[in-house]
Structure formats: structure tokens, C-alpha cells
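[1] Kindly generate the corresponding structure for this input.
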Amino acid sequence: MSANVDSDSSSVSSNSEPENELSTYERIRNQINYISYNTTGYEVCRETKLAQALDNLAGSPIQFFESRPGMAATFKLLVKGEDAGTWFKPDVEVLKKHATTSPFGRGEETVIDPTYRNGTELKADELAFGLKENWELRCRYGWFLSDIREQLQATMFVGKNVFFKFYKLAIYGEGGHFDWHRDSTHSDAHHGTVLVSLNTEWDGGDLMLRHQGVEIAVDMHPKAYSNEYDEMLGDEFTDVLQPVVVAFYTDTEHKVMPVTKGTRLVLQYDVEVEQSSDSESIPPRYNSLDVAVKRHEYITSQITFPNLDPKMLQAVVDEIRVLQEEGSSFVAFPLTHLYRKASIKEEYLKGTDSALFDALKNHFDVFLRPVLIRSMEHADDDNDEEFFAHEYKPYYEEEPSRAKQRRRGVYEDVSFHLPRAFAIMQLSLPDWQYLGNESQSGEARYYSAGMFVEPKSEK
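    Now for the predicted structure:
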């Protein structure tokens with residue numbers, strides 16, 4: 001359990017001694033237990049239209065990271081059956097020999113114009129990685145893509161299943177470049193692009209990305225990974241490279257700066273999002289909130305970019321309006337970032353949280369409060385899991401003014417929605433109890449920050 005959940009610095013005088021870690025634990029544990037068993041809470045709604053709108057807004061339009069060391073070291077390159085080396089030792093001349101000039105779209109036409117795009121390429125059906133002949137390589141390649149998929153589903157395509165389709169190898173020699181453009185989509189399911197750099201030497205050739213007014217440059221040179229011995233990789237991968245992986249939505253503008261020396265090789269994949277059927281009546285299970293905890297731990301270690309799409313912000317506003325028209329006295333949900341109790345204030349909000357607060361306050365009264373979320377799992381039924389939310393506050397504070405109706409210990413007229421993309425910290429593991437040969441229900445508790453939205457008060 002973390003000891004800083006209730007660390008509001010304003011509650012401790014400047015001349016007091018720091019609180020002992022054990023006493024902090026006891027104080028917070030007592031508050032949590034009081035909330036869990038003695039206060040009215042909010043029944044949590046999952047897989048709702050509002051939760052989906054929040055997940056769409058939470059997606060980072062751009063993501064880049066280094067792949068796992070050693071994973072791609074031995075992937076082969078075969079061009080129309082001819083050996084062209086490996087990903088880490090490519091035979092550039094063989095690749096160039098078979099490559100064709102890269103066209104691009106200009107309006108409804110496909111054109112070739114070296115002043116705008118100067119490069120060559122090999123299509124997917126011309127290039128192979130030697131996977132058919134080698135079972136171990138197929139496994140490694142599957143793991144390599146699985147790692148990328150896991151990261152994109154945590155940051156860009158939250159709550160969605162994504163798949164990769166190899167599209168081409170882009171080759172930019174000296175003087176090669178590609179001015180600002182957006183990628184053409186190749187199917188209705190195509191919503192993103194993944195680029196993977198191969199190991200060659202080149203100068204220049206930075207990838208520039210621009211989305212919603214944010215412009216960044218990415219150096220796609222593979223990064224060195226060196227370790228005397230890595231238990232996960234073994235002796236054969238003690239000094240290897242990590243390819244740089246860049247992913248972005250298809251509506252992201254990007255360009256390749258001129259290559260001033262050498263040859264730049266980049267594999268390009270289409271990211272396809274699995275289309276859900278309207279006939280699916282059984283939503284996917286959450287697999288407990290520990291998934292959300294892992295997602296938060298991951299995104300805090302990565303560079304992510306807020307999604308400020310006005311259409312997505314408006315979609316959240318519209319869904320809240322519908323819920324309030326249907327009878328919710330107020331609508332609440334957890335935020336996408338984690339905050340200390342003392343800093344859950346408008347001026348400290350980050351990224352998407354700040355943009356969403358600004359959009360909502362123009363239409364509603366909006367409040368920010370710490371939230372405790374309880375996950376109730378039943379040992380005899382993996383699909384039987386309940387969630388309840390409570391405002392994290394001392395027992396003597398008043399209840400919400402608008403939420404007065406109750407049943408079974410929960411407010412009836414409150415709508416608390418749980419998206420997949422929200423920041424959460426685990427406070428306690430499930431407190432399983434075993435009686436005889438049968439295990440009983442277990443409860444885990446989590447801390448988050450919540451946004452509470454009410455109709456505009458008449459002033």
C-alpha cells in the first residue's frame with residue numbers, strides 16, 4: 001500500500017515531525033475500511049457509450065519507443081528470394097537493386113515527383129523475413145509484434161484489438177526525402193501506421209510528426225543496448241541494437257527530412273482496428289482493475305501526447321447530456337492522470353484532463369474529488385465482478401447535494417462510468433477469506449481522481 005495517498009501537505013503544520021510510515025498506513029487503512037463498509041457509494045457502469053467516448057479521447061495520437069533488445073536481431077531479409085542480409089545487417093545494395101520509385105497521392109492522382117518525394121520502396125509481396133523456414137524465428141517475430149501491440153493498446157487504441165499488416169520497406173538514400181503528407185488508408189479498419197527502423201548508417205532523415213498543433217522530431221536510428229549478461233536474453237544478446245518503433249494515427253501529418261549521407265531503411269505496417277459487431281451483447285470482461293494499474297505504470301514511463309480533438313471532446317459532452325436527460329443527478333468518471341489529494345485542482349490538471357475540464361465547464365458545473373474504487377470478485381465465478389466508487393473524504397463531510405436516493409447502499413440517481421483508460425493506484429490486494437474448503441468473495445481497493453459533472457446551477 002502506498003503511504004502518500006492522503007498526503008495533503010496543507011494538513012501538516014510546518015513545525016510538526018514527519019508522520020511515521022506505519023502510522024500513515026494505519027490512518028489511511030482505517031479511512032478506507034470506513035468508506036468500504038459504512039458509506040453510501042456509486043454503482044459503477046462499464047462498457048457504456050460515455051466510457052467509450054472517454055477511451056477514444058484518452059488515446060495518444062503519437063507514440064514512439066525502443067523495442068525489446070535482441071528480439072529482432074536475427075530476422076532475415078529476402079527480396080524475391082534473394083538473400084539481403086538481416087534486419088541488423090541488411091545488404092543495402094541488394095535491396096536497392098530490386099526497389100522501385102515511390103509514388104504518392106496528389107488529390108485523386110498517384111504521381112511521382114522527386115521534388116516532393118525522393119525515395120524507393122519494396123512492397124510486402126516482394127520482401128520476406130525467412131519465417132516460413134524457421135519456427136523459432138516465427139515465434140520471435142510473433143513476440144516482437146505482440147510487444148508493440150500491447151503498448152499501442154495501452155496508449156493509442158484503448159479498449160480495442162489491433163492487428164498489423166506489413167505494407168512495405170521505405171528506402172531513402174542520400175538526398176532522399178518526403179515532404180508533409182498523411183498516409184493513405186488501405187481499408188476501413190486501417191487507423192494507424194507503425195514504422196520500424198533497420199540498422200544502417202545515415203545522417204539526417206529525421207521523422208517529423210505534426211498533430212493538432214504539436215510538432216516533434218524523432219531520431220529513428222536504432223539504439224545500442226549493452227549488458228554483460230541479461231537473464232532474459234542470454235549470452236548471445238549481450239551487445240545488440242533496439243529498433244526504434246514509431247506509431248501514429250493515419251490523420252497525423254509527417255515528413256522525412258533529407259538524408260545527407262548513407263541509406264535510411266524503415267519497415268512500414270498498417271495498424272488495423274478490429275471492428276466490433278453491434279450484435280455482440282456480452283461485453284469483454286475487465287480482467288480486474290490490475291490491468292488499469294499496469295497501464296498507468298506503463299504510460300507514466302513513456303512519452304505520450306494529449307488528444308485534443310474537438311469532435312472527441314464534444315462526444316463526451318453529448319453523452320453526459322444524454323445521461324442527465326435520462327435522470328442522472330450527476331455524472332462522474334475517473335481521470336486519465338493520477339494526482340495527489342492536495343493537487344486535484346483545476347490549475348494542476350494535465351493534458352487530456354485539462355482539455356476535458358475546460359470543455360465541460362462551459363456547459364456544466366464540474367468538480368474534482370479523490371475517489372476510492374472497490375473491486376469485488378467472487379471466487380466461484382470468474383465473470384462475477386462488481387465495482388463501487390466512493391468519494392475519498394473524512395466521514396464527517398456532507399453527502400452530495402443532488403444525490404439523495406439510495407438502494408442497497410448506493411445512490412440511485414448517480415451515474416459513475418469506468419473507462420479502460422484511467423489512472424489508478426492499487427491500495428490493497430483482494431482480502432480473500434477461506435472457510436473450510438470454499439473460498440469466499442475478495443475485495444481490492446484502488447485510488448483515483450474523479451471528475452463529477454452536474455447540470456449548471458441557476459445563479
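
[2] Show me which positions of stretch 106-124 end up buried.
    Arg117, Asn118, Gly119, Thr120, Glu121, Leu122 (16 or more other Cβ atoms under 10 Å). Placement of C-beta: from N, CA and C, glycine included.

[3] Can you tell me which of those residues end up in strands?
    Applying DSSP state E to these, the entries found in strands are Arg117, Asn118, Thr120, Glu121, Leu122.

[4] before we move on, back to that, I'd like the buried residues of stretch 106-124 laid out as a markdown table, including distance to Asp270 and pLDDT.
    Output for the buried residues of stretch 106-124, formatted as a markdown table (distance: Cβ to Cβ, whole Å; pLDDT from 0 to 100):
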| residue | distance to Asp270 | pLDDT |
| --- | --- | --- |
| Arg117 | 19 | 96 |
| Asn118 | 23 | 97 |
| Gly119 | 18 | 97 |
| Thr120 | 20 | 98 |
| Glu121 | 14 | 98 |
| Leu122 | 16 | 97 |
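
[5] could I get the ones in strands among the buried residues of stretch 106-124 as CSV with distance to Ser184?
    CSV is the format used below for those (distance: Cβ to Cβ, whole Å):
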residue, distance to Ser184
Arg117, 13
Asn118, 19
Thr120, 18
Glu121, 13
Leu122, 18
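
[6] Return the member of the residues you listed nearest to Phe88.
    Leu122 (17.7 Å; Cβ to Cβ).

[7] Run a quick neighbour tally on Glu253.
    Residues near Glu253, counting by other Cβ atoms under 10 Å, number 15.

[8] Ala355 is in contact with Val316, correct?
    No. Using Cβ atoms under 8 Å, Val316 is not in contact with Ala355; the gap is 10.2 Å.

[9] Leu137 versus the residue nearest to Lys97 when sequence neighbours are not counted, what's the distance?
    Closest residue in space to Lys97, ignoring its immediate chain neighbours: Val79 at 7.9 Å, by Cβ to Cβ, 6 or more residues apart in numbering. Taking Cβ to Cβ, to the nearest Å as the measure, Val79 and Leu137 are separated by 17 Å.

[10] The stretch 351-459 of the chain: strands as residue ranges?
    364-378, 381-391, 406-407, 410-418, 425-428, 434-435, 438-439, 442-455 (DSSP state E, counting those that start in this stretch).

[11] which ones are touching Thr211?
    In this structure residue 211 is His, not Thr. Pro61, Ile62, Phe248, Tyr249, Asp251, Thr252, Glu253, Phe305 (Cβ atoms under 8 Å, 6 or more residues apart in numbering).

[12] partners of it in the sheet?
    Val214 (DSSP bridges).

[13] Now do the SS call for the nearest residue to Arg106 once chain neighbours are set aside.
    Among residues not flanking Arg106 along the chain, Asp113 sits closest, at 7.6 Å (Cβ to Cβ, 6+ apart). What DSSP: H, G, I helix; E, B strand; the rest coil gives for Asp113 is coil.

[14] Then Thr185?
    coil.

[15] Give me the phi and psi for the closest residue in space to it that isn't next to it in sequence.
    Leaving aside its sequence neighbours, Thr185 sits nearest to Thr250 (Cβ to Cβ, 6+ apart; 5.5 Å). When read as degrees, to the nearest 10, the backbone of Thr250 gives phi -70, psi -20.

[16] got a list of what Thr250 touches?
    With Cβ under 8 Å, 6+ apart, Thr250 has these contacts: Arg182, Asp183, Thr185, His190, His191, Gly192, Thr193.

[17] So for the fourth one, what's the pLDDT?
    pLDDT recorded at His190 is 95.

[18] measure it to Ala315 for me?
    The value you get for His190 to Ala315, if Cβ to Cβ is used, is 21 Å.

[19] Now do the buried residues in the longest helix along the chain.
    Using DSSP state H to define each element, the chain has its longest helix at helix 135-155. For helix 135-155, the neighbour count (16+ other Cβ under 10 Å) marks Leu137, Arg140, Tyr141, Phe144, Leu145, Ile148, Arg149, Gln151, Leu152, Gln153, Ala154, Thr155 as buried.

[20] And for stretch 55-69?
    55-65, 67-69.

[21] Now intersect these with the helices, please.
    Asp55, Asn56, Leu57, Ala58.

[22] was I right about the first one contacting Ala421?
    Yes. Taking Cβ under 8 Å as the definition, Asp55 is a contact partner of Ala421 at 4.9 Å.

[23] C-alpha coordinates for stretch 159-167, PDB please?
    Backbone C-alpha positions of stretch 159-167 (Å, rounded to 0.1, in the frame of the first residue of the first chain) are rendered in PDB as follows:
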ATOM      1  CA  GLY A 159     -10.100  -1.000 -25.300                       C
ATOM      2  CA  LYS A 160      -9.600  -2.100 -28.900                       C
ATOM      3  CA  ASN A 161      -8.000  -5.100 -30.500                       C
ATOM      4  CA  VAL A 162      -5.400  -4.100 -33.100                       C
ATOM      5  CA  PHE A 163      -3.600  -6.100 -35.800                       C
ATOM      6  CA  PHE A 164      -0.600  -5.300 -38.000                       C
ATOM      7  CA  LYS A 165      -0.300  -5.800 -41.700                       C
ATOM      8  CA  PHE A 166       3.200  -5.400 -43.300                       C
ATOM      9  CA  TYR A 167       2.900  -2.800 -46.100                       C
END
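
[24] which other residues reach that stretch?
    52, 55, 123-124, 127, 145, 148-149, 152-153, 186, 192, 194, 267-274, 419-421.
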